[in-house]
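Undergrad: From the sequence below, what's the structure:
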Amino acid sequence: MSAERQNGDILVKSVRGQGSYTTDGVNWLPLRSDVVLNKGTILRTEGNSTADVILKSSGTALRLIPGTLLEIARFEREVAGEETITRTVLDLRSGGLIGSQRKLDTFSSFQITTSGGVVAIRGTEYLVRADGSVTCLTGNVGVNYSSSFNGMSPMVIVPGGYALDPATRHLAAINSEFMDSFNQDIGAVRDNARALKMDSGTVMARLGKDKTVSPTKGNNGVGNGVDPQPPGNPPVNDGPGTGPGNPGNKGGANK
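TA: Just a heads-up that it's a prediction; the model follows:
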């Protein structure tokens, strides 16, 4: 199977306050909405500032909280036949990330490196800080440490509704103070994630009065209402006046 490896695009959706980015580690440019970034870019947000970033190929919505320094260490998309494999590594050096990640394909990966360990994201909502603390809102998050600790495994799974203390590697239920302090940020990330799903076509919009059916790919099933003529000129399943409970052609014309 032939494969084509590509760099994916990272889109800055919005910035509140002040942020900047660099592609060479020397020259810093203002971080603004609609800026498209690539692998190797370093982003930062100032105090009391946030930045919303979309990684479209991996289905990720992120918010950089105030005081964040983040490098996009790896961001690749590999097309192999009908499969799309993404590999992402974010190096979180300070601050934190609130993220919403769609469920990845089997061979795709999404990692956030911190001073406390490597955080593996599969499909979840989370807050990861540079010190290695992890809060999982939904789904679960895996944290890999370099070695065992007090007889504990170097791998810790953080389930939804729990937070991990990197110093003790203990799990505790998320408290209400946390939710109150990040409620607005979490809501913004969820909104961006929903918009991303709609844009990528992974969520079908509800059919409405103005919804038109494609002339080449309709809902050409029996009893679903009026359908356009399918490709190849076969008999029309449903004509005018048909619908659920009153199907039209059930087995072809001239039956």
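
Undergrad: ok, the residue positioned nearest the centre of the chain - contacts?
TA: Residue closest to the average C-alpha location in the chain (Cα atoms, centre = their mean): Thr60, at 2.3 Å. Contact analysis of Thr60 by Cβ atoms under 8 Å, 6 or more residues apart in numbering lists 54, 88, 99-102, 110, 196. No exception for glycine: its C-beta is placed from N, CA and C like everyone else's.

Undergrad: ok, of the residues you listed, which one's closest to Val26?
TA: Using Cβ to Cβ, Thr88 is the member of the contacts of Thr60 that sits closest to Val26, with 24.7 Å.

Undergrad: Let me know the pLDDT of that closest one.
TA: pLDDT for Thr88: 95.

Undergrad: got it, and the one 3 residues further on?
TA: Predicted confidence (pLDDT) for Asp91: 98.

Undergrad: Could you report the neighbour count for it?
TA: 16 (other Cβ atoms under 10 Å).

Undergrad: for the one 3 residues further on, same thing?
TA: Using other Cβ under 10 Å, Ser94 is surrounded by 14 other residues.

Undergrad: Thr22 too?
TA: 15.

Undergrad: Ramachandran angles for it?
TA: Main-chain dihedrals, Thr22, degrees, to the nearest 10: phi -140, psi 140.

Undergrad: now Leu104, nearest residue through space, not along the chain?
TA: Of all residues not flanking Leu104 in the chain, Arg122 sits nearest, at 5.5 Å (Cβ to Cβ, 6 or more residues apart in numbering).

Undergrad: I figured that neighbour was touching Asp105, is that so?
TA: No: in this structure, Arg122 is not within contact of Asp105 by Cβ atoms under 8 Å, at 10.0 Å.

Undergrad: more crowded one of these two?
TA: Arg122 (15 against 12).

Undergrad: Take the contacts of Thr60 and write them to CSV, including secondary structure.
TA: Output for those, formatted as CSV (DSSP: H, G, I helix; E, B strand; the rest coil):
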residue, secondary structure
Ile54, strand
Thr88, strand
Gly99, strand
Ser100, strand
Gln101, strand
Arg102, coil
Phe110, strand
Leu196, helix
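
Undergrad: Which one of these is nearest to Asn183?
TA: Nearest to Asn183 among the contacts of Thr60, with distances taken as Cβ to Cβ, is Ser100, at 14.5 Å.

Undergrad: Return the alpha-carbon coordinates of stretch 134-145 using CSV.
TA: Only the C-alpha atoms of stretch 134-145 are listed here, as CSV (Å, rounded to 0.1, in the frame of the first residue of the first chain):
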residue,chain,number,x,y,z
VAL,A,134,-3.9,16.0,34.2
THR,A,135,-7.6,16.6,34.6
CYS,A,136,-9.9,14.4,32.5
LEU,A,137,-13.4,15.6,31.9
THR,A,138,-14.7,12.8,29.7
GLY,A,139,-13.2,9.6,28.3
ASN,A,140,-9.8,8.7,29.7
VAL,A,141,-6.2,9.9,29.4
GLY,A,142,-3.1,7.8,29.7
VAL,A,143,0.1,9.2,31.3
ASN,A,144,3.4,7.5,30.8
TYR,A,145,6.2,8.2,33.3
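
Undergrad: Tell me the buried residues in that stretch?
TA: Counting neighbours by 16 or more other Cβ atoms under 10 Å, one finds that the buried residues in stretch 134-145 are 134-137, 139-143, 145.

Undergrad: Now the two most distant members of those residues.
TA: Between any two of the buried residues of stretch 134-145 (Cβ to Cβ), the greatest distance is 21.9 Å, for Leu137 and Tyr145.
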